[in-house]
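[1] need a structure here:
(2 chains)
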Amino acid sequence: AQSVTQLDSHVSVSEGTPVLLRCNYSSSYSPSLFWYVQHPNKGLQLLLKYTSAATLVKGINGFEAEFKKSETSFHLTKPSAHMSDAAEYFCVVRSATDKLIFGTGTRLQVFP
Amino acid sequence: DSGVTQTPKHLITATGQRVTLRCSPRSGDLSVYWYQQSLDQGLQFLIQYYNGEERAKGNILERFSAQQFPDLHSELNLSSLELGDSALYFCASSVAGTVEGETQYFGPGTRLLVL
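    Presented below is the predicted three-dimensional model:
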């Protein structure tokens, strides 16, 4: 069965500093992995996805993630945080039956 | 704006009641998914429909049911509501639901409060 583990429930950074949100996955086959973002009182927006093509995936708003099979990781990074990045971030794996399995989420706080 | 619409935005009701949540997928999308987001359970997949037929079931209670109509909109029916059903209910849609890595686009959600 597929699953994802988000290693940090909260991450706090200063504006202009790098962001690292960690995610490990478990899958019996090559997975499809996604990062979604949820701003307060808003729906979920896709940031980026990995589908067995390039291991370094670039997404919207300057975010990127690297698929590392040897480490079963799919960490989300951004070189420089912006205040508008403050939100909840979900690492997601697509199951064999097409449903999305969500991690528990990481709340990103950005301080001025 | 994802192109997925959900109504109503907010719903307040009492225990024991029944409510219907509505979702219109993006134009051209055949698959509709329902998810529940609660504080204690996180985001959980409930059910998927593809072109009118149920395709996959997740952690959906027997008190809950869904359907997808010929015009592809979907409704999620929640009955005999309990306090614990209070949550944010999301609908998502995708083109087919079978392509590897296919993106699911999420609606803004319906926030249900059961008093």
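[2] and residue A:76, how far from residue A:5?
    In this structure, residue A:76 and residue A:5 are 14 Å apart, going by C-beta to C-beta, to the nearest Å. In short, each C-beta sits where N, CA and C put it, glycine included.
[3] more neighbours, the two?
    Counting neighbours by other C-beta atoms under 10 Å in any protein chain shown for residue A:76 and for residue A:5 shows that residue A:76 has the greater number, 24 against 14.
[4] what about that one, helix or strand, and which?
    When elements are assigned from DSSP states H and E, residue A:76 belongs to strand A:73-78.
[5] list the buried residues of that strand.
    Applying a neighbour-count criterion of 16 or more other C-beta atoms under 10 Å in any protein chain shown, one finds A:73-76, A:78 buried in strand A:73-78.
[6] helix or strand next in line after it, which one?
    From strand A:73-78 onward toward the C-terminus, using DSSP H and E, the following helix or strand is strand A:87-94.
[7] now do that following strand: which elements does it pack against?
    Counting contacts by 3 or more C-beta pairs under 8 Å, 6 or more residues apart in numbering or on different chains; DSSP states H and E, strand A:87-94 packs against strand A:3-6, strand A:23-26, strand A:33-38, strand A:73-78, strand A:100-102, strand A:106-111.
[8] go again using 7 Å as the cut-off
    Using 3 or more C-beta pairs under 7 Å, 6 or more residues apart in numbering or on different chains; DSSP states H and E as the contact test, the elements touching strand A:87-94 are strand A:3-6, strand A:33-38, strand A:100-102, strand A:106-111.
[9] who touches it?
    In this structure, residues lying in contact with strand A:87-94 by C-beta atoms under 7 Å, 6 or more residues apart in numbering or on different chains are A:2-4, A:6, A:21, A:23, A:25, A:27, A:31-39, A:74, A:76, A:100-103, A:105-108, B:43.
[10] how about the residues of chain A by chain B?
    A:32, A:42-44, A:46, A:49, A:51, A:90, A:97-100, A:102, A:104-105 (C-beta under 7 Å from any C-beta of the partner chain).
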